[in-house]
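Colleague: prediction below, plus the sequence it came from.
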Amino acid sequence: MLTVRRSEDRGHANHGWLDSHHTFSFADYFDPAHMGFRALRVINEDRVAPAAGFGTHGHRDMEIITYPLAGAIGHKDSTGGNSVLRAGEVQRMTAGTGVMHSEMNAEDLPLHFLQIWILPEKKGLTPGYEQKAFAPAERQGRWRVIVSPDSREGSLKVHQDMSLYSTLLKQGESAEYTLAPGRHAWLQLARGAGTLNGVAVKAGDGVAVSDESKLVLSASEPVEALLFDLV
């Protein structure tokens, strides 16, 4: 079963410096029908103006994944993390017992990224930070694992039974994924347009997947997409 969450139906907040779309309930946007999916709690698509960003603030008991699409994010946190994150790189921060961090636009250009929150397997984890680049060639025409509970294939570690994959597809390309029995998936289309098992999807759309064994994402125009494999 596929249930599509259309881009235009998401929550939206425009603060001038920040233009944000919320797939699930977040901040002042509340929709009891869209509180998350399995352990996936937040997918925010954010656009941040130059010289702006999120000043120092706190989180706890959450796995936070940042996925840039364009521009550069200046990241600092209380675990000692201090870096610039660009498109093609992925960051995982375990908030655990509590972490303070900031995310600022590090360039004089618009910043576009996805921020993802995953509920952890347990509370009170030790805060941590990890960042890695995944070359386009690793993701072209295939699903490349970028976050997993066992850090397999050089992926970032998340404290939850959840694996996150990324793909890049040229027009006319397809990528297949086999979903194990009893598992669920969420597809988030970051760019482009195509079909998932024959269902039309476009940039910003999300698809909740249950009771399916094979997923085929086909691109009618160049695509960048994320796939969450969830318990």
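Modeller: Right, received. Where do you want to start? Because the structure is predicted, anything quoted here is derived from the model rather than measured. Numbering: from 1, shown residues only.
Colleague: check which helix or strand covers the residue nearest the centre of the chain.
Modeller: Per C-alpha atoms, centre = their mean, the C-alpha nearest to the average position across the chain is that of residue 116, at 4.5 Å. Assigned by DSSP states H and E, residue 116 falls within strand 111-118.
Colleague: for that strand, packing partners?
Modeller: In terms of contacts (3 or more C-beta pairs under 8 Å, 6 or more residues apart in numbering; DSSP states H and E), strand 111-118 is packed against strand 40-48, strand 63-70, strand 72-77. No exception for glycine: its C-beta is placed from N, CA and C like everyone else's.
Colleague: contact partners of the second one?
Modeller: Among residues not part of strand 63-70, those counted as contacts by C-beta atoms under 8 Å, 6 or more residues apart in numbering are 73, 75, 85-95, 103, 109-120, 147, 156, 158-160, 164, 166, 190-191, 224, 226.
Colleague: would you list the buried entries among those residues?
Modeller: Neighbour counting by 16 or more other C-beta atoms under 10 Å classes 73, 75, 85, 87-95, 103, 111-120, 147, 156, 158-160, 164, 166, 190-191, 224, 226 among those as buried.
Colleague: out of everything not next to it in sequence, what's closest to residue 55?
Modeller: residue 102 (5.5 Å; C-beta to C-beta, 6 or more residues apart in numbering).
Colleague: residue 183 too?
Modeller: residue 229 (5.9 Å).
Colleague: still on that earlier bit, can you pull the pLDDT of the closest residue in space to the residue nearest to the centre of the chain that isn't next to it in sequence?
Modeller: Closest residue to residue 116 apart from its sequence neighbours, by C-beta to C-beta, 6+ apart: residue 65 at 4.1 Å. Residue 65 carries a pLDDT value of 97.
Colleague: burial of residue 65, as a residue count?
Modeller: 23 (other C-beta atoms under 10 Å).
Colleague: gap between it and residue 149?
Modeller: 13 Å (C-beta to C-beta, to the nearest Å).
Colleague: what's the overlap in contacts for these two?
Modeller: In contact with both residue 65 and residue 149: residue 158, using C-beta under 8 Å, 6+ apart.
Colleague: and what about residue 124, helix, strand or coil?
Modeller: coil (DSSP: H, G, I helix; E, B strand; the rest coil).
Colleague: surely it touches residue 98?
Modeller: No - Residue 124 is beyond contact range of residue 98, at 9.8 Å (criterion: C-beta atoms under 8 Å).
Colleague: so what sits opposite the residue nearest to residue 63 when sequence neighbours are not counted in the bridge?
Modeller: Leaving aside its chain neighbours, residue 63 sits nearest to residue 118 (4.0 Å; criterion: C-beta to C-beta, 6+ apart). For residue 118, the beta-bridge partners under DSSP bridges are residue 40, residue 63.
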